[in-house]
Structure formats: C-alpha cells, structure tokens
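>>> the following comprises the amino acid sequence and a computationally predicted model.
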Amino acid sequence: MQEIQVDKQGAKKYKRKSLIAFLIFFIMIGAAWAGWKWLVTQPLDNGIKGGIPKPLRKVLDINEEVYSGLYSTKHLIKEYPKSAAAKKARVNGNLGLDEETFDASQWKLQIVKSSGDTLFLTLDDIKKMNKIDVVFNFKCIEGWSQITWWSGVRFSDLIKKYGLEKESAMKFVGMKTPDEEYYVGIDMPSILQPQTILCYELNGKPLPMNQGYPLRLIIPVKYGVKHLKRIGTIDFSNTRPPDYWAEKGYDYYTGL
C-alpha cells in the first residue's frame, strides 16, 4: 500500500512539472511572437542606406562597441607555415568582379586624400614596397574557413610611404571596386593592424581574376566579407563609409 501511495505522489509531481514546463514553453513562444511583431513595426535605421529596424541596429552597435573596446593592434592572428596553405583557395563571392567592364591595363589604385586630391598608384608602384607574406585561417560568414597564403604590402606601410598620417588619424577607411558594385567600411585600428595587407599574390603567384586581380585587401582580423577584392578606390572618413553587407542588416564591425 505504501509503495502504491508513493507511486501516486510521484505521478502527481510529474504531471505538475510537465504542466509547468508546457506553460513556460507556450509563454516563451508567445513572448517571441510578440517581440517579433514589435520589431518589424519599428522605424528603420537611416544611418546606413537600406535600413533595418532601429532596435536591431542598436544591438549590432553595442556589439561593435564591446569588440572595438577590447581590440588592440598589437594582437596578432595565428599564422601557419606556407606548406599548410590550401593549393586552391576558395572564393567567397564575386561582387564587383565583372570582367566585361574591367580593363586591367588601365587599372590604377586611387587614394582620395583628406584635401580632396587623389593619389594614383600602379601595381608596380605598390610592388616597390617591402613585400610580406600572411598565412592564416581565412574565415567566411557562410561557415567555412581555410588556411591560405597571401602576399603584398602592409596597409600601414603604404600610409607611411605616401605621407597619409593625417588620413590615418581618421576613424574609418572606405574601399570600393572599380565598378563600385561592392564596397566596405573598416575601422581604422583594424586596418592598421600589421597583418593587414594590400595583396597582389596568392600562393606565390599573381592573384587570379576571381580573387581580385590586380589588388585586394587581406585583413585577418575580419570575416571574409570585409576582404574587398579588386580595390579601385580608397578614402578616409570620420563617419561610417557605405558598406554593402551592413546595408543589408549585417554587423558593420564584422570582427573576429
């Protein structure tokens, strides 16, 4: 009799706990639905073209403040021996790489100075600078990563060589492809990190067309969407430059 009574008590406790669990579950579902309904009715952010709901942008901005506050240009990304690099590097997108509208023979890197003057550099001009290799784990927001070997010149060395210290004192760098179909905005501390390069070689050979020939950005402290291929123009600003994926609701900072 005592065992039967204990079993009945256990069954009651189980039913009560199950009822409470289901109740909490449905409350959470209701709260999530109500939160979503509220979010989609909020005004859009106008700080970046395209716009996403302001509360969502505020969360992304808070993330940026936290990550940028912890960031240091002295922090180096892990590097690997060249032998560890993939023989065939994956391509993480082709926006801005239309070959029909691109004339490689006419390409020059355009750097817009704070004075409004524009500095024009050929690939040979860039190659005269000290070349470095960066072999690191390239990470894509699509969920894949790959160890790859890139070569070029430090962005910080370019700043020094061409007297762009005034520009580097600003908060952001903007970059876009020659056809302006793809563009990124990057915080200045990240782009001055010593492993960030203007890259013209992959695996010891000139960049392939689909990897941004003749010159692309490699910035190991960021996800792949910030590694702009085929740089046409570079400019500087104290306000956020346009950024292709940030306009579509992604995190502007996009740091690792």
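In hand now; what should we look at? Numbering: from 1, shown residues only.

>>> switch to C-alpha atoms for all contacts and neighbour counts from now on
Will do.

>>> what's the closest non-adjacent residue to Cys140?
The shortest distance from Cys140 to any non-neighbouring residue, by Cα to Cα, 6 or more residues apart in numbering, is to Gly224 (4.8 Å).

>>> so how far is Leu121 from the one you found?
As for Gly224, its distance to Leu121 is 25 Å (criterion: Cα to Cα, to the nearest Å).

>>> those two: who's more crowded?
The neighbour count for Gly224 versus Leu121, taken as other Cα atoms under 10 Å, is higher for Gly224 (22 against 13).

>>> distance check, that one against Thr122.
Using Cα to Cα, Gly224 is found at 25 Å from Thr122.

>>> same question, Asp243
25 Å.

>>> pick out whichever of the two has more residues nearby.
Each of Asp243 and Thr122 has its neighbours counted (other Cα under 10 Å); Asp243 has more, 23 against 14.

>>> contacting residues for Gln42?
53-55 (Cα atoms under 8 Å, 6 or more residues apart in numbering).

>>> over to Ile159?
For Ile159, the contact set (Cα under 8 Å, 6+ apart) comprises 165, 168.

>>> and what of the one 5 residues further on?
Leu164 makes contact with Lys113 under the criterion Cα under 8 Å, 6+ apart.

>>> which stretches of this structure form strands?
Counting by DSSP state E, the segments of the chain that form strands are 109-112, 118-121, 132-139, 145-154, 172-176, 183-187, 197-202, 205-206, 216-218, 233-237.

>>> how about JSON lines for those strands, with mean pLDDT and distance to Phe26 added?
Shown next, in JSON lines, are those (pLDDT from 0 to 100; distance: least, Cα to Cα, whole Å):
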{"stretch": "strand 109-112", "mean pLDDT": "98", "distance to Phe26": "56"}
{"stretch": "strand 118-121", "mean pLDDT": "98", "distance to Phe26": "60"}
{"stretch": "strand 132-139", "mean pLDDT": "98", "distance to Phe26": "38"}
{"stretch": "strand 145-154", "mean pLDDT": "98", "distance to Phe26": "38"}
{"stretch": "strand 172-176", "mean pLDDT": "98", "distance to Phe26": "46"}
{"stretch": "strand 183-187", "mean pLDDT": "97", "distance to Phe26": "42"}
{"stretch": "strand 197-202", "mean pLDDT": "98", "distance to Phe26": "51"}
{"stretch": "strand 205-206", "mean pLDDT": "98", "distance to Phe26": "58"}
{"stretch": "strand 216-218", "mean pLDDT": "98", "distance to Phe26": "47"}
{"stretch": "strand 233-237", "mean pLDDT": "98", "distance to Phe26": "49"}
